[in-house]
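Trainee: I would like to see how this sequence folds:
(chains A and B, ligands or ions: 1)
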Amino acid sequence: MKRSRQRLPHARVDTGQPLTFQFDGETFRGYAGDTLASALLANGVSIVGRSFKLHRPRGVFAAGREDANALVQLESGTWSEPNARAALVPLYQGLVAKGQNAWPSPDWDLLAALGLLKKVLPAGFYYKTFIWPNWKNWEGLVRRLAGLGRAPSAPDPQYYLKQTVHAEVVVVGAGRAGLEAALATAQDPACRVLLLDEQEEPGGALLASPDPADRTWLASMLERIAQCPNITLMPRSSVNGYHDHNVLAALQRVGSHLGPQADSAAPREIFWRICAGRVVLATGALERPLVFPHNDRPGIMLAGAVREYTHRYGLTLGERIVFFANNDSAWHTALEMVAHGVPVTAIIDVRLGVAPELLRRATAAGIEDRLGYSVVHTRGRGALRQVLIQRLTEDGGGLQGPRETLDCDLLAMSGGWTPTLHLYSQSGGKLAWREEDTCLVPGTANQAVTAVGRANGDFPQPLHTQAHWLTPGVSSDCQWVDFQYDVTAADIQLAARENYVSVEHVKRYTTNGMSVDQGKTSNVNGLGILALATNRSIPEVGTTRFRPPYHPVTIGAWAGVELGALYQPFQRLPAHTCHAALGAQFVDMGGWQRPECYPRAGESEQQAIAREVLAVRGAVGLLDYSPLGKLEVHGPDARELLNRMYVNNLATLPVGAARYGLMLNEQGIVVDDGVVVCLAEDHFLLHTTSGGAASVHRALEEWLQCEWVALRVLVTNVTTQWATFMLSGPRARAVLAQLSGDIDLGGDAFAHMQFRSGSLCGVPVRILRASFTGEVSFEISVPAACGESLWEALMTAGASHGVTPFGIESLMVLRTEKGFLHVGSDTDGNTMPQDLGWGGAIAKQSVDFIGRRSLTLEVGQDPERLQFTGIALLEESATTVSGAHVLSGDGKSSAGYVTSACFSPTLGRAVALGIVAGARARVGEIVSVYYEGKIQPARLVAPCQVDPAGTRLQADATTPQPVAPQPAAPQPAAPQPAASLHVPQILAVCSPMAGTNSITRKEFRLRHETACELIRLQVFHRDRALLPALTAALGFELPAPGEARRQGSWRWLWSAPGDWLLAVPAGEGSAALKTLRDATAGMWAVATPITDSQVMLVLDGARVRDVLARGCALDLHPAHFGGDRCAVTRFAGVSVLLAPSGGDGFLLLACRSLAVWLRDWCEAVSRDC
Amino acid sequence: MRIECPWCGSRSEDEFVCGGQSHIARPEPATASDAEWAAYLYQRDNPKGLHHERWLHRFGCGQWFNVARDTVSHNILASYPMTAPKPELPDANGGEA
Ligand SMILES: [Zn+2]
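Mentor: Numbering: from 1, shown residues only, chains lettered A, B, ... in the order given. Purely as a prediction, here's the structure:
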């Protein structure tokens, strides 16, 4: 390839701004405005990389996204980008790149020997060869040879964002047609127009035009667009996906094009989700290569790319430039080049005739012509030197006459143009074949989309294309169709011979158009060759459907900020800071950050768990049990609902009592267990499993909303409104008694499975006596904001009793010792209640409940069902793990498995639970437990192995029961409690956010709002008479769906049907609550103060909508979401209520447990604000 | 995908959860045969064309509602509350399985 020492005068590069860069270790010079590809061409670099399969030399072949040849490894280290397309990498000072898929270098690639294997690597080679004896034997070898660039092995130093944008009209492509479409639609000032362009600067094909008129027109259009307030031009943004309902995905390069030195405050890329009313595709057209022998040699380029490199970048790519074409566009390009001082030697055209005017002008320009000819061979090692041409027969089906040799160092080919309809096809639109231009054009649209300009097949000049799908009369072995993936015409013909008929199958078998090319240049040529090989027309062959992405999307962009600590939403326990101060080891469980245990210095996890378990059995332990699911069920039909949902008779449950129950799904499978508490005749509290609150809530709502619509019941998930602590152990009562309160804790007054509510240290409290440890336990709940204070108070009160904080792992050991079922651990997707010993109780029950009918199906009666059991290992010191199999009698198959296993500090040996075939009738039987090749003898036993009689639950607080002592290691000292030694009289309210509770950026601020109090008002909305009655009672019409309304200093927000939030100024909460309760007395309405369980954030600043749009998909434009609106929506992966609060301010309400998550998340996505 | 919640209006698909086919009548447990019960539990239509589904606005108002959706074009033809009757809608694809 010729070096361009001088750029042409009309080039769009800035020769006043030279830049140096490195390619494969050599330093070169280019200019601002160059791409890496144009700079390499300017320096005469002809080989940039190697092809995927055969390592054939590859040079720059196109000037845009369709260049799958010049792939480079851009930069090194953590910023590095593999498979960067040189034609799309704008040059910056100090750029460093390397050619790919070559060793030691693209010029001299030892793996090029693979090219010699071309003959033995036909289509389907992999499928045919590597199946013997097994693909796995070959995988390692193939993977080492395959692949292109290398992915960086450490985290990206820059960050990525995701954001949603809404527009009435989205125009894709800022070329001539796109610019015109954007300005035309923007006539309506209410119409937001989003104009996206993928290039470094807008203009599309106009950028390649040397015509001063084109340049003036472009400049004036861009000027007009800049002045149009309702057009947003988004440069460097490629639209990659067109999804259902006019949702598009685009990737914008924000700092990426500046290289590793870009400002680190800006994101590298933003991944946009675009919600469009109407879409205009102005995506232009892609030129097709011609298919002829050795058409893949460096120095052979698309004619349109030659035009762009010549006029946009000012390069003179060759001294003897030859064109090879089947249409008029190449002729215009050649003539234009000559007119701008770049000589053209010859034009070879497969057509027998062209317009006389073109011929005359070519002759006048000194261009030789060869009509009715085809290129039949090319020569040149490393770079093109000669082409051999031969006359086509009259019917175009063969060759005739002698071969002629033309010296040439650049071959510019044009096989016709294909409208860029990837997005149109992705949208579900059908493509139609247009014979006269041999191309696919838009057929029937499936969504609100139109194509304009060349994307619609409207070419500025007639093309007069004549199909020339491959060169006849010569071997098709080296006639390349997919350059990057080494697919030839012969491969497609072979697939046809092997009876592949469907174009989708041929594509996959030959890999044509797969990988980097994605059909951009190879698709239509492949269709043409397949049509010829199978004697069909192209419409008969059909076309493959394009799928996203149009252009590769960085994995970092998919991830956005959801990495590391922000990988998924987490909830913080109310007393999180206390746990952290005590050295808790945290674990993510059900979305909560929970202490597993509290290892002291020098203590292993196992030792810490043993110490905590023994403390609970011997004295008292304290567990943060806040994630325990808490659902309130209100209403005249509440008991009826629960009776239908739970396996256990709740009809007789008296007020103040609690009962254990199982919940099934309609298939009869156990999905949750819990404790139902009767607070009042029409008011119940369900304690679900931790992490089960959401799914149980959902199940209740689904039955209520979809099946039992007449039941008058309200279900509210109050899990995060209450901080819950479990005080467990023989001294639990003594500790709790030290806190001032109005609840009688005496053993007779407050028995096991009883519930009391009252006040504790001046705040409302709910206490349940249930036990998951086998010891006397109090589950104490206070408003979430007081959780931290209650934890401190209980630790202080318990200090003299040896209170020990214990974690979830210790709780699991305690309950395994007791044989208490843990749904999800000790049950699987087939477990029915009879497998847990509930068969007899169910038989006696008269009412129907969800899942009951399924229990009587044949599958439920099988005596070999896996049933819940204890498993005692016979060898003294043996241990096992959950997942170990219990073998069948003949030892040949599995008859169940261990579901929970641990070392019991209380018993000094392992304990295990499991589900085993027919276990309930086999107690005492010896079985074999298999794990990782080892077999251990064990006995099936009753699940409970500590205190089977349950006497410890009745224990008197004053005489702690001894436990079997453990040969104890010296006990490490506990951290000194930081809190005061006095038990507080009043529990203080604490901030929901540890550390800072605000974010202050230049254009974005977040702060914790404390100036108002919140009340929730709920009614049974399906009772249509209620709403008018409520309006009359309040003397105020509550807001309709999506509305926010002011009532004096009060602000009402609609949250769900029959569910409103009321914000009142701080200090007015109790008065407002009383007003509401008085007004709705005797009505079926529930008013609850929720200030302490929510976090209220105020977000504002000039870019607040950007920050919000990075977390939610709502249209936040003031015209659509003004001061009288509010919405419950998904923000940062969690449910929040969002309400504009005037100007650039928004109020955001969420569960208090999410406060830290929301703050951290907003901090991460506002780095550029 | 965008889905119209009857209460909240058009929202992004990631606010919703699909609950599968809608308008399935629950047989009377006491009188349903094993075969009828099994069909109720497990047998679902798989039409090419018009399909009625139950969706939950999980991250929004928490309401279940029905969606009539074309499984070929993916167009949503109607959204309506659970308590509303099944609307009369044309089936462009004839509803073949
Ligand atoms: Zn909704």
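
Trainee: hang on, residue A:251 is in a strand, isn't it?
Mentor: Yes - counting by DSSP: H, G, I helix; E, B strand; the rest coil, residue A:251 is part of a strand.

Trainee: would you mind measuring from it to chain B?
Mentor: 19 Å (C-beta to the nearest C-beta, to the nearest Å). Placement of C-beta: from N, CA and C, glycine included.

Trainee: any chance you could map the helices in the stretch 1001-1150 of chain A?
Mentor: With DSSP state H, counting those that start in this stretch as the criterion, the stretch 1001-1150 of chain A has helices at A:1026-1034, A:1069-1079, A:1104-1109.

Trainee: okay, and the beta partners of the residue nearest to the spatial centre of chain B?
Mentor: For chain B, the residue whose C-alpha lies nearest the mean C-alpha position (C-alpha atoms, centre = their mean) is residue B:53; its distance is 1.2 Å. Applying DSSP bridges to residue B:53 gives these bridge partners: residue B:21, residue B:67.

Trainee: okay but it is in contact with residue B:67, surely?
Mentor: Yes - judged on C-beta atoms under 8 Å, residue B:53 makes contact with residue B:67 at a distance of 5.0 Å.

Trainee: which neighbours do the two share?
Mentor: Shared contacts of residue B:53 and residue B:67 (C-beta atoms under 8 Å, 6 or more residues apart in numbering or on different chains): residue B:22.

Trainee: what about residue B:41, how many neighbours?
Mentor: Neighbourhood size, residue B:41 [other C-beta atoms under 10 Å in any protein chain shown]: 17.

Trainee: in what helix or strand does it lie?
Mentor: Per DSSP states H and E: residue B:41 is located in helix B:34-42.

Trainee: what's the mean pLDDT across that helix?
Mentor: In this model, helix B:34-42 has a mean pLDDT of 96.

Trainee: can you give the domain ranges for chain A?
Mentor: Here the domain parsing of chain A from automatic domain parsing is A:14-145, A:158-285+A:418-457, A:290-414, A:863-943, A:999-1165.

Trainee: possible to save the ones you listed as TSV with mean pLDDT, mean neighbour count and distance to the ion?
Mentor: Putting the domains of chain A into TSV (pLDDT from 0 to 100; neighbours: other C-beta atoms under 10 Å in any protein chain shown; distance: least, C-beta to the ion, whole Å) gives the following:
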stretch	mean pLDDT	mean neighbour count	distance to the ion
domain A:14-145	82	19	40
domain A:158-285+A:418-457	96	20	17
domain A:290-414	96	20	50
domain A:863-943	95	18	39
domain A:999-1165	94	19	7
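
Trainee: can you tell me which of those is nearest to residue A:565?
Mentor: Residue A:565 lies closest to domain A:999-1165 among these, at 7.0 Å (C-beta to C-beta).

Trainee: chain center to the closest one: distance?
Mentor: 28 Å (C-alpha atoms, centre = their mean, to the nearest Å).

Trainee: close to chain B, is it?
Mentor: Yes - using C-beta under 8 Å from any C-beta of the partner chain, domain A:999-1165 comes into contact with chain B via A:1022, A:1041-1042, A:1055-1057, A:1113-1114, A:1127-1130, A:1134-1135.

Trainee: list just the nearest of those residues to residue A:526.
Mentor: Among the residues of domain A:999-1165 next to chain B, and counting by C-beta to C-beta, the member closest to residue A:526 is residue A:1113, at 38.0 Å.

Trainee: list the contacts for that closest one?
Mentor: Residue A:1113 neighbours (C-beta under 8 Å, 6+ apart): A:164, A:273, A:275, A:1129, A:1130, B:11, B:12, B:14, B:15.

Trainee: wait, the first one sits on residue A:271?
Mentor: No - taking C-beta under 8 Å as the contact criterion, residue A:164 and residue A:271 are not neighbours in contact, 10.2 Å apart.

Trainee: on that earlier part again, using a markdown table, lay out the residues of domain A:999-1165 next to chain B together with distance to residue A:878.
Mentor: Putting those into a markdown table (distance: C-beta to C-beta, whole Å) gives the following:
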| residue | distance to residue A:878 |
| --- | --- |
| A:1022 | 58 |
| A:1041 | 62 |
| A:1042 | 62 |
| A:1055 | 55 |
| A:1056 | 54 |
| A:1057 | 58 |
| A:1113 | 55 |
| A:1114 | 58 |
| A:1127 | 58 |
| A:1128 | 54 |
| A:1129 | 54 |
| A:1130 | 49 |
| A:1134 | 45 |
| A:1135 | 47 |
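
Trainee: contacts for stretch A:926-945?
Mentor: Residues outside stretch A:926-945 that contact it (C-beta under 8 Å, 6+ apart): A:817-821, A:868-875, A:878, A:880-881, A:883-887, A:891, A:894-895, A:898, A:904, A:907, A:911-913, A:916, A:919, A:922-925, A:948.

Trainee: what sits closest to residue 19 if chain neighbours are left out?
Mentor: Chain wasn't specified; assuming chain A. Distances taken as C-beta to C-beta, 6 or more residues apart in numbering or on different chains put residue A:93 closest to residue A:19, at 4.7 Å, once the chain neighbours are dropped.

Trainee: not what I meant, chain B
Mentor: In space, residue B:19 is closest to residue B:54, 4.0 Å off (C-beta to C-beta, 6+ apart).

Trainee: so that neighbour sits against residue B:21, correct?
Mentor: Yes - counting by C-beta under 8 Å, residue B:54 sits close enough to residue B:21 to count as a contact (7.3 Å).

Trainee: where does pLDDT dip in chain B?
Mentor: For chain B, applying pLDDT under 70 flags the ranges B:94-97.

Trainee: what's near enough to touch the residue nearest to residue A:19?
Mentor: So residue A:93 contacts A:19, A:20, A:21 (C-beta under 8 Å, 6+ apart).

Trainee: of those residues, which belong to strands?
Mentor: A:19, A:20, A:21 (DSSP state E).
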